[in-house]
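Peer 1: Can you look at this prediction? I've put the sequence above it.
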Amino acid sequence: MKTIFKIHYLFIASIFLALMSCTKIFDSDQLNVSEDQELDYDEVFGCYENFRQFVDYSYKYIPGHLGRMWNSMNCEMSDEADGPGINVCSSVFNNGAWSATEISGIGTDPAANANYELSWLWEDMFTGIRHCNLILENAVLVQDYPDESYKSQAIAEAYFIRSYLYFELVKRWGGVPIVDKALNLATDDLDLARNTYDECVDFICEGCDTAASLLPLVQEDAETGRGTKGAALSLKCRTLLYASRAYHNPDNDTEKWQKALKAAQAVIDLGIYSLDDDYVNMFFRSDLGSEIIFNRPRKKMNFEEGHKNNSNFLVRFIVPEGYKGWMGTCVTETFAEMFEAGNGYPISDSRSGYTDSMLSCDPYSDRDPRMKMTILYNGHYWYNRNVEYYVGGQDYGSSLINPYGYSIAKFWKESHQRYQGTTQYLNYIYFRYAEILLNFAEAANEIYGPDGVAPALNSSASAMSARQAANKVRARVGHVGIPVDISSSTDEMRERLKNERAIELCFEEHRWYDVLSWGEGTKYFNGDILATKITKNNDDTFTYEPFVYETRVFYDYMHLYPIPEDDIYKSDGKLKQNLGW
């Protein structure tokens, strides 16, 4: 069978007995459909209740699971973190062993879980795109909409989700085949060539514009998790930002940056988003608050839940052994050093006041406030004691538990303790307002420099400079503005904004893809990754000794993923592989 991707047909297995509440659009029961069966059009499109559930199912295809590679987090692929624990697959990416060949041995070979990011994700995205195309083609068949707005809402959601799935494809593989109809296995030519990257970007943005014109500004509380106008415009914003960056815009075409800037301004000018005053607890909200634009809501869960019911990752994966966790993901010294000094200078800058003598004192004093908010380090007071990451400390553990000296605090609420009967929300955030401000800053800097004010788009809210936008994000946590003397030129500010994104959006599945789109994988992901050895001295002080924990491999061709070789072979030469693979 010649096909560039495996087509799955979704069959609603016996019409659901009752329409489930829209608050359950991500519940496992509602997603309980069987695959590889012909679609029963009469059942799915014969009544609104079943059609609505078919639309709801399409959200399942949007990647939204911090532990979607099973025991590995996406941040382990970047310089933010590492996965020294058991059954992790991030090492496949860290040592350059990933390829176009699907890794066999799932269930027996932990490395096979890399398929979640490679071949399986490719397949799932195209399956989801077909699902959305079926909605768009057959929404007209439904005869019993409560009113016409329900029809337009379903169509808008399909456009939004299809655009999102295409963004997930192009940020990894570059240009891919654009499929704007539900292909028929018997009658359609399935051997499709790739469209260009720019054509795919245009297709995504057209879908976002259509969705934004039909979706509501906000959803009712019971509908949280569905697309909104802001979500569609945020997707357009991120897509255009990636398209403006060096890897896909080597000539630095200013027109692309202008489009990205206007897309960010469009979100700002909606006037309904602002930075959450509580940066720490924003990730554990039961609602969207003022900053979260689009998320995947979860029910409350305890330490033992995860990898089931479409829930999030097991919290204990990031929790140190001394707090009864598994510590399967560690934060690197390489990343910890990105946190600036309290005066806004990099700690490598002599003006920061950070000196080598602090390695025998306290290297974590007077740093960017987000350091304490997002990671755990030695001496950090957490729950009811100081964290002990020194050799022999109760959180040091074994070589597979925490050899790095740091761990993630961002997704672990301090009051949420194992065996204490506590539960917490941990919703997967797709878009939040801080990212939009940083997107604006990056684009404005390329066009107007650090301090040139971008003209307003639709309101005065979107008239500001790159520095002003970035400093809003920093001010929210009480950090100083970016020092002018290290950011007076476009080039200097560009580097500071890259660092700002790394800190503000850490562990949220941005860093790896940001670096790929900047074309700087060989700069950040090819070479030494640092950890720190901490020794407790007899006088109860500590000595901190950074050291090379591992050396990673990243080649230039890895800025784009390899298309699964099975699909290359089946395409009769029409589907071309990315260079180097």
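Peer 2: Yep, it's here.
Peer 1: Quick one: residues in contact with stretch 345-354.
Peer 2: Glu337, Phe339, Glu340, Ala341, Asn343, Pro363, Asp366, Arg367, Pro483, Ile486, Asn499 (CB atoms under 8 Å, 6 or more residues apart in numbering). The C-beta positions use only the backbone N, C-alpha and C, and glycine is treated the same way.
Peer 1: can you give me the helices in the stretch 201-350 of the chain?
Peer 2: Assigned by DSSP state H, counting those that start in this stretch, the helices in the stretch 201-350 of the chain fall at 229-244, 254-268, 333-336.
Peer 1: Likewise for the stretch 451-581 of the chain?
Peer 2: Using DSSP H, counting those that start in this stretch, the helices found in the stretch 451-581 of the chain span residues 466-476, 490-504, 511-518, 521-524, 565-570.
Peer 1: Return the set of buried residues in the second one.
Peer 2: By that I understand helix 490-504. Neighbour-count burial for helix 490-504 flags Glu492, Met493, Arg494, Arg496, Leu497, Lys498, Glu500, Arg501, Ala502, Ile503, Glu504 (criterion: 16 or more other CB atoms under 10 Å).
Peer 1: What about the residue nearest to Leu275 when sequence neighbours are not counted, how many residues nearby?
Peer 2: Counting by CB to CB, 6 or more residues apart in numbering, Leu275 lies nearest to Arg476, which is 4.5 Å off, once chain neighbours are set aside. Applying other CB atoms under 10 Å, we find 21 residues neighbouring Arg476.
Peer 1: ditto for Ile86
Peer 2: Neighbours of Ile86 (other CB under 10 Å): 10.
Peer 1: what's the spacing between it and Leu241?
Peer 2: For Ile86, the distance to Leu241 equals 37 Å [CB to CB, to the nearest Å].
Peer 1: Ok, Cys89 next?
Peer 2: 28 Å.
Peer 1: got it, and Gly96?
Peer 2: 27 Å.
Peer 1: Settle it for me: which of those two has more neighbours?
Peer 2: Looking at Gly96 and Leu241 with other CB under 10 Å, you find the greater number of neighbours at Leu241, namely 25 against 14.
Peer 1: Now do the contacts for that one.
Peer 2: Here Leu241 is in contact with Ala260, Ala263, Ala264, Asn439, Glu442, Ala443 (CB under 8 Å, 6+ apart).
Peer 1: Farthest pair within these?
Peer 2: Ala263 and Glu442 (11.9 Å; CB to CB).
Peer 1: ranges for the strands of the stretch 1-150 of the chain?
Peer 2: Ranges of strands in the stretch 1-150 of the chain, per DSSP state E, counting those that start in this stretch, are 81-82.
Peer 1: ok so, going back, surely the residue nearest to Leu275 is in contact with Ser274?
Peer 2: No. Contact criterion CB atoms under 8 Å: Arg476 and Ser274 do not qualify, at 9.5 Å.
Peer 1: quick revisit: and the helices of the stretch 451-581 of the chain, which one's lowest on average pLDDT?
Peer 2: Averaged per stretch, pLDDT over those is lowest on helix 565-570, reaching a mean of 91.
Peer 1: Using neighbour counts, pick out the buried residues of that helix.
Peer 2: Asp566, Asp567, Ile568, Lys570.
Peer 1: rewinding a little: now distance to Ile103 and mean pLDDT too, for the helices of the stretch 201-350 of the chain, in a markdown table please.
Peer 2: Shown next, in a markdown table, are the helices of the stretch 201-350 of the chain (distance: least, CB to CB, whole Å; pLDDT from 0 to 100):
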| stretch | distance to Ile103 | mean pLDDT |
| --- | --- | --- |
| helix 229-244 | 27 | 98 |
| helix 254-268 | 35 | 98 |
| helix 333-336 | 27 | 97 |
